[in-house]
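**Student:** 3D, please:
(one chain, ligands or ions: 2)
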Amino acid sequence: MTGPRHFADIDAMDGDTLRDILEGAKALKKARAGKGQAAPDAGAPLAGKLLAMIFEQPSTRTRISFDVGMRQLGGETIVLNGQDLQLGRGESVADTARVMSRYVDAIMLRTKSHAVLEELMAHATVPVINGLTDLTHPCQLMADVMTFEEHRGPITGKVVTWSGDGNNMATSWIQGAARFGYALRLACPPELQPSDRAVDWARRHGADVSVGSDPEAAVDGADCVVADAWVSMHDDPNSDRHNMLARFRVDERLMSRANADSVFMHCLPAHRGEEVTDAVMDGPQSVVWDQAENRLHAQKGILAWCLR
Ligand code: CP
Ligand code: NVA
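**Tutor:** Numbering: from 1, shown residues only. Ligands and ions are numbered 1, 2, ... in the order given. Next comes the predicted model:
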């Protein structure tokens, strides 16, 4: 018997399935052109389906885009704060998974512990979607690939540069290099290098991934330059990260070393003046608002894949 279709991580999915999800997302986006945000999609493909979202960490984009997306697909949502559940006072993740599987058709989880996601997936009998953990952020990667391709065509064979902390988003970009076939150049401080495990996995799966500590070298020839927060939600805010990361800031000078038609990406929320300057965020190469919009469309593709 096959289990539920979890959307756990980019490395847990094959490239063809990820491409199918993006094709579905593109079709759903195209079909909505000109409609109000509350208007249902034709055929209400997820009518009668209920998504529960558990947030153990804050969220603007993930919360709103999953809620709006599920409604457009004809389904409904429940938004739960992890602290409001019995989970917050010690009920096991496994038991929570068993109980929630009797009430809802799918569960989206944002957690600061990837182990919680794994335990939820192991015990849920309905699909579970990774809405960000301390280790990965696959929904964002799907929206990012969709956005790059809308602006610049197929991402396969392009060069993507990551400048900053080798964090959860970096890991999803590393996994994506194996699945989508772009070359990835990571520039991270020696103290904040990306996951060796992810890099080894991606290379074993044919990805061209390089890791260093020189943002200028990494950005040379880039088609896409990516930045993210210096302090992620699960990080200690009092660490010395700002000093370590200052030279990885994406500013106009760094962008000028990338290809002339390169795009700038950031999953948001941005900390203007830290990892990126206003001039780059608001400049002609920035596609950050399209990325935010495409969270909605990409996740509708993911929901449809999980639930149909
Ligand atoms: N990019 C992203 O996941 O944003 P939120 O934290 O606002 O959901
Ligand atoms: N790396 C960031 C991404 C936020 C969407 C964090 O985990 O806080």
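
**Student:** Could you tell me the per-residue confidence at the closest residue to ligand 1 within the stretch 201-308 of the chain?
**Tutor:** Residue of the stretch 201-308 of the chain nearest ligand 1, by Cβ to the nearest ligand atom: residue 267 (4.0 Å). In short, each C-beta sits where N, CA and C put it, glycine included. Note for residue 267: predicted pLDDT of 98.

**Student:** With residue 1 instead?
**Tutor:** Residue 1 carries a pLDDT value of 50.

**Student:** Same check on residue 239?
**Tutor:** Reading off the model, residue 239 has pLDDT 84.

**Student:** hang on, it packs against residue 231?
**Tutor:** Yes - applying Cβ atoms under 8 Å as the test, residue 239 and residue 231 come out as touching, 7.5 Å apart.

**Student:** These two: which has the busier surroundings?
**Tutor:** More crowded of residue 239 and residue 231, by other Cβ atoms under 10 Å: residue 231, with 18 against 13.

**Student:** ok, the more buried one - contacts?
**Tutor:** By Cβ atoms under 8 Å, 6 or more residues apart in numbering, residue 231 lies in contact with 237, 239, 241.

**Student:** hang on, the earlier thing: I'd assumed residue 137 was in contact with the residue of the stretch 201-308 of the chain closest to ligand 1.
**Tutor:** Yes - judged on Cβ under 8 Å, residue 267 makes contact with residue 137 at a distance of 6.8 Å.

**Student:** joint contacts of these two?
**Tutor:** Common contacts of residue 267 and residue 137 (Cβ under 8 Å, 6+ apart): residue 169.

**Student:** ok, these two, which is more surrounded?
**Tutor:** Higher neighbour count among residue 267 and residue 137: residue 137, with 28 against 25, using other Cβ under 10 Å.

**Student:** Which residue would be the closest one in the chain to ligand 2?
**Tutor:** For the chain, Cβ to the nearest ligand atom, closest residue to ligand 2: residue 232, 3.4 Å.

**Student:** Might you enumerate the residues of this protein proximal to ligand 1?
**Tutor:** When proximity is defined by Cβ under 6 Å from any ligand atom, the chain lies next to ligand 1 at 59, 60, 61, 62, 132, 140, 267, 268, 269.

**Student:** Can you select the buried ones from the residues you listed in ChimeraX?
**Tutor:** Restricted to buried positions by 16 or more other Cβ atoms under 10 Å, the ChimeraX selection for those reads:
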select :59,61,62,132,140,267,268
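
**Student:** Tabulate the residues of the chain next to ligand 1 (a markdown table), appending secondary structure and distance to ligand 2.
**Tutor:** Formatted as a markdown table, the residues of the chain next to ligand 1 follow (DSSP: H, G, I helix; E, B strand; the rest coil; distance: Cβ to the nearest ligand atom, whole Å):
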| residue | secondary structure | distance to ligand 2 |
| --- | --- | --- |
| 59 | coil | 8 |
| 60 | coil | 9 |
| 61 | helix | 7 |
| 62 | helix | 8 |
| 132 | coil | 6 |
| 140 | helix | 7 |
| 267 | coil | 5 |
| 268 | coil | 7 |
| 269 | coil | 7 |
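
**Student:** how about the residues of the chain next to ligand 1 in a markdown table, adding distance to residue 150?
**Tutor:** Output for the residues of the chain next to ligand 1, formatted as a markdown table (distance: Cβ to Cβ, whole Å):
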| residue | distance to residue 150 |
| --- | --- |
| 59 | 24 |
| 60 | 22 |
| 61 | 18 |
| 62 | 20 |
| 132 | 23 |
| 140 | 15 |
| 267 | 16 |
| 268 | 17 |
| 269 | 22 |
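
**Student:** Next, count neighbours for the closest residue to residue 188 other than its chain neighbours.
**Tutor:** The shortest distance from residue 188 to any non-neighbouring residue, by Cβ to Cβ, 6 or more residues apart in numbering, is to residue 166 (4.1 Å). A count of neighbours around residue 166, defined by other Cβ under 10 Å, yields 23.

**Student:** Residue 166 contacts residue 193, doesn't it?
**Tutor:** Yes - look at residue 166 against residue 193 with Cβ under 8 Å: they come within range, at 4.9 Å.

**Student:** Give me the common contacts of the two.
**Tutor:** Common neighbours of residue 166 and residue 193, counting by Cβ under 8 Å, 6+ apart, are residue 211.

**Student:** Could you pull up the contacting residues of residue 3?
**Tutor:** Each residue near residue 3 by Cβ under 8 Å, 6+ apart is listed here: residue 125.
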